[in-house]
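> would you be able to build a 3D model of this:
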Amino acid sequence: MSAPKSSLPSTSVSTDRVKSSDLPVAWIMMLGLIIAVGPLSIDMYLPALPSMADDFGVSTAFIANSVPAYFVGLVIGQLFYGPLSDRVGRVKPLYIGMTLYVIASIVCATTNNEYVLFVGRTMQALGACVGSVVTRAAIRDRLTAKQTAKAFSIMILVMGLAPILAPSLGALFLRFFDWHSIFWFLAAFGMLNLLLTKLFFFETLTEENRKVRPVKEVLSQYIDLLKDPKFNYPAVGGGLLMGSMFVYISSASELIMDTYGVSATHFGWLFGMNAAGFVGLSQLNQWLTSRFRILSILRFGTMMQVTSSGMLFFVGIFLGSDVWLPVVLACIFFCISGLGLTQPNAAAIALAFQKHRAGMASALQGSLMFSVGIFGGLLLNLFPVNPVLKVGMAMFVLMSLGSFLIWQIDRNLNLDDAE
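Below is the predicted model of the structure:
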């Protein structure tokens, strides 16, 4: 009995951008599962930070530095995989990155030294980031700008389950095992990604569209991208908006568990609520992009984020850690949920005009996000103020700057002109 035609695509190279009615939903959802390794790796071990700190004999704030250590790997790795995927195609880098990820996860699972953990986390990120670079570029290879925005929303539906479930799953592991088990699970998930790549990920970049650039030209290409207003405003602006979420991730355990005394189990539910809001609005974005201009939706989302982060900043100034926890959670919820309207659309605009350097554009866009996360993490440590004010101030500054750049995008930019 033959398989239905609408299942996952064959392994032949696809060179044509598909029509809206042919949007390859199953393929896009599979890409979302591959990219989910990133949020799983970031979020699943957050409930374990206090117990890890106890094992290593350090503070929770110190062991939380393993989060920005992960971001360092993401920044460096994406800048490497971008030009590599434009040179050799999308499939080979996935094998390289996922293999490195599995090895690094095993290192993290077997260590009892905090500095080895930091190195292992950086290695993990160097492997995991290949998924986000290659999947975004593959979608750009195959779809139009409007379809790309919808595709990113579908991917968020799949990968968005990771931050919703990951903290609760991590807390569940802690009930029966120690924190090392979390990293063994991540190693197994990396193996699953290798299997998905082998079975279902087909090459989307044809030989004639590959760019074999000398290594010395790579830096100049990245500089050219940053000079391109069709790329730099949405990419840098979107990176600042998304980077503010990584500020929250870096501080969430200290803010919610240490400051307010929330248990690991309840922390998982609270953390998952924000991710659910992100996923929910990203799905609403699919409907909105069929009825409104992508840029208009993007600008509305930025206003939602700036307003809510400003409220958190305000209550942090006047009430500090005495502010009622539900108020803090409500402000953070709207900050993170707004990403569902800003991230798919900012990414779609940034990649729309980058046909022959989609891999590099995808890589630079991702690196910008995590660079902001590192910078935001430094901001958290620079100011000796209460945790609520630290988080509110860092998020408000980053979201305000991101919003300013988004509003610099040419309002007459026509995405239908993209090749």
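> residue ranges of the strands in this protein, please?
For the chain, none of the segments meets the definition of strands by DSSP state E.
> quick one: low-confidence residue ranges for it.
1-23, 145, 157-160, 163, 212-216, 373, 377-381, 383, 415-419 (pLDDT under 70).
> which one's the longest helix in it?
When the chain is parsed with DSSP state H, its longest helix is helix 114-142.
> pull out the buried positions in it.
114, 117-142 (16 or more other Cβ atoms under 10 Å). Backbone N, C-alpha and C define where each C-beta goes, glycine included.
> next one: stretch 99-107
Buried residues in stretch 99-107, defined by neighbour count with 16+ other Cβ under 10 Å: 99-102, 104-107.
> take those residues and keep only those in helices.
Counted as lying in helices by DSSP H, out of those, are 99-102, 104-107.
> as a markdown table, the residues you listed with distance to L312 would be great.
Output for those, formatted as a markdown table (distance: Cβ to Cβ, whole Å):
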| residue | distance to L312 |
| --- | --- |
| T99 | 41 |
| L100 | 37 |
| Y101 | 34 |
| V102 | 38 |
| A104 | 34 |
| S105 | 34 |
| I106 | 38 |
| V107 | 36 |
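> what is the nearest of those to I34?
Y101 (11.1 Å; Cβ to Cβ).
> could you find the closest non-adjacent residue to that closest one?
The shortest distance from Y101 to any non-neighbouring residue, by Cβ to Cβ, 6 or more residues apart in numbering, is to G127 (3.0 Å).
> residues touching that neighbour, list them.
By Cβ atoms under 8 Å, 6 or more residues apart in numbering, the contact list for G127 reads 77, 97-104, 190.
> let's go with 6 Å and repeat that
Neighbouring residues of G127 by Cβ atoms under 6 Å, 6 or more residues apart in numbering: 97, 100-101, 104.
> and the residues you listed as CSV, adding distance to L186?
Output for those, formatted as CSV (distance: Cβ to Cβ, whole Å):
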residue, distance to L186
G97, 14
L100, 13
Y101, 8
A104, 9
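> which two in these are spaced the farthest apart?
Greatest spacing in those, by Cβ to Cβ: G97 and A104 (10.4 Å).
> please enumerate the helices of the stretch 201-350 of the chain.
Secondary structure of the stretch 201-350 of the chain (DSSP state H, counting those that start in this stretch): helices located at 215-227, 229-252, 264-289, 294-318, 325-337, 339-352.
> name the residues that touch the fourth one?
Counting by Cβ under 6 Å, 6+ apart, helix 294-318 makes contact with 149, 288, 323, 331, 334-335, 338, 341-342, 345-346, 388-389, 392-393, 395-396, 399-400, 403, 406, all of which sit outside it.
> go through that helix and flag the buried ones.
Within helix 294-318, the residues scored as buried using 16+ other Cβ under 10 Å are 294-295, 297-299, 301-302, 304-313, 315-316.
> E114 and R299: what is the separation?
43 Å (Cβ to Cβ, to the nearest Å).
> could you do I96 as well?
Taking Cβ to Cβ as the criterion, I96 is separated from R299 by 38 Å.
> ok so, going back, let me know the closest of the ones in helices among the buried residues of stretch 99-107 to R175.
Of all those, R175 sits closest to S105, with 21.0 Å by Cβ to Cβ.
> and for G268, the neighbour number?
25 (other Cβ atoms under 10 Å).
> so it makes contact with A166?
No. Taking contacts as Cβ atoms under 6 Å, G268 lies outside contact range of A166: 8.0 Å.
> just the contacts of G127 now: which is nearest S181?
A104 (16.3 Å).
> can you name the residues that contact that closest one?
Listed by Cβ under 6 Å, 6+ apart, the contact set of A104 reads 120, 123-124, 127.
> as TSV, these with distance to V247 would be great.
Rendered in TSV, the data for those read as follows (distance: Cβ to Cβ, whole Å):
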residue	distance to V247
G120	23
M123	23
Q124	20
G127	24
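> nearest to I249, of the residues you listed?
Checking the contacts of A104 against I249 by Cβ to Cβ gives Q124 as the nearest, at 15.0 Å.
> excluding chain neighbours, what is closest to the closest one?
Sequence neighbours aside, A104 is the residue nearest to Q124 in space, at 4.1 Å (criterion: Cβ to Cβ, 6+ apart).
> check M257 too.
Closest residue in space to M257, ignoring its immediate chain neighbours: F267 at 5.4 Å, by Cβ to Cβ, 6+ apart.
> what distance do you get for the one you found to C108?
Separation of F267 from C108 (Cβ to Cβ): 21 Å.
> picking up where we left off before, compare the helices of the stretch 201-350 of the chain and give me the one nearest F375.
Nearest to F375 among the helices of the stretch 201-350 of the chain is helix 229-252 (7.2 Å), distances taken as Cβ to Cβ.
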